Structures are given as structure tokens and as C-alpha cells.
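1. predicted coordinates and the sequence they were generated for:
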Amino acid sequence: MEEVCSLVRRLLCRSQELKAEREELSVSSAGQEAEVPDTHEALRKQVQQKAAQELTDR
């Protein structure tokens, strides 16, 4: 029975630790903008590189 109580205590402790970590993460990331890739920028760079390559190949 003591083993069960010990296991339950450890699980409860770990559960509280995880909850605290989640709360800390949500607070630290609040107010920050999500980074979203700019697909148009990537395409522009590719077009610019291709155009520059065509100019140097002439």
C-alpha cells in the first residue's frame, strides 16, 4: 500500500510540475507574434536569383 501512495504522490507532483511549466510557457509566449513564412518572399528571391543567373550566363 505504501508503494501505491508513493507512486500517487510522485504522479501528483509531476502533474503539478507539468502544469507549472505549461503556464510558464504560455505566459512567456504571450504577446509574441507567430512567425509565418512569407511564401511570396521566397518566390521573389527565386525569381531574382534566376534573373541574375540569366544575366551572367549571357
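-> Here it is on my side, so go on.
2. can you tell me which helix in this structure is longest?
-> helix 2-29 (DSSP state H).
3. helix or strand right after it?
-> helix 39-57 (DSSP states H and E).
4. roughly how far is that next one from the heart of the chain?
-> 30 Å (C-alpha atoms, centre = their mean, to the nearest Å).
5. quick one: low-confidence ranges for the protein?
-> Counting by pLDDT under 70, the ranges of the chain that qualify are 27-36, 58.
6. and stretch 50-58, what's buried?
-> By neighbour count with 16 or more other C-beta atoms under 10 Å, stretch 50-58 contains no buried residues. In short, each C-beta sits where N, CA and C put it, glycine included.
7. off-centre distance for it?
-> 38 Å.
8. ditto for stretch 20-27
-> Worked out by C-alpha atoms, centre = their mean, stretch 20-27 lies 14 Å from the chain centre.
9. send over it as CSV, restricted to the C-alpha atoms.
-> Extracted C-alpha coordinates of stretch 20-27, given in CSV (Å, rounded to 0.1, in the frame of the first residue of the first chain):
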residue,chain,number,x,y,z
ALA,A,20,3.5,25.0,-13.9
GLU,A,21,5.7,24.5,-17.0
ARG,A,22,2.8,24.9,-19.3
GLU,A,23,1.7,28.0,-17.6
GLU,A,24,5.2,29.5,-17.7
LEU,A,25,5.4,28.7,-21.4
SER,A,26,2.1,30.3,-22.2
VAL,A,27,2.9,33.4,-20.2
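10. give me the contacts around it.
-> The contact list for stretch 20-27 (C-beta atoms under 8 Å, 6 or more residues apart in numbering) is empty.
11. can you check stretch 46-58 too?
-> In this structure, no residues lie in contact with stretch 46-58 by C-beta under 8 Å, 6+ apart.
12. for Gln46, see how far away Ile39 is.
-> Careful, residue 39 is Thr and not Ile. Separation of Thr39 from Gln46 (C-beta to C-beta, to the nearest Å): 11 Å.
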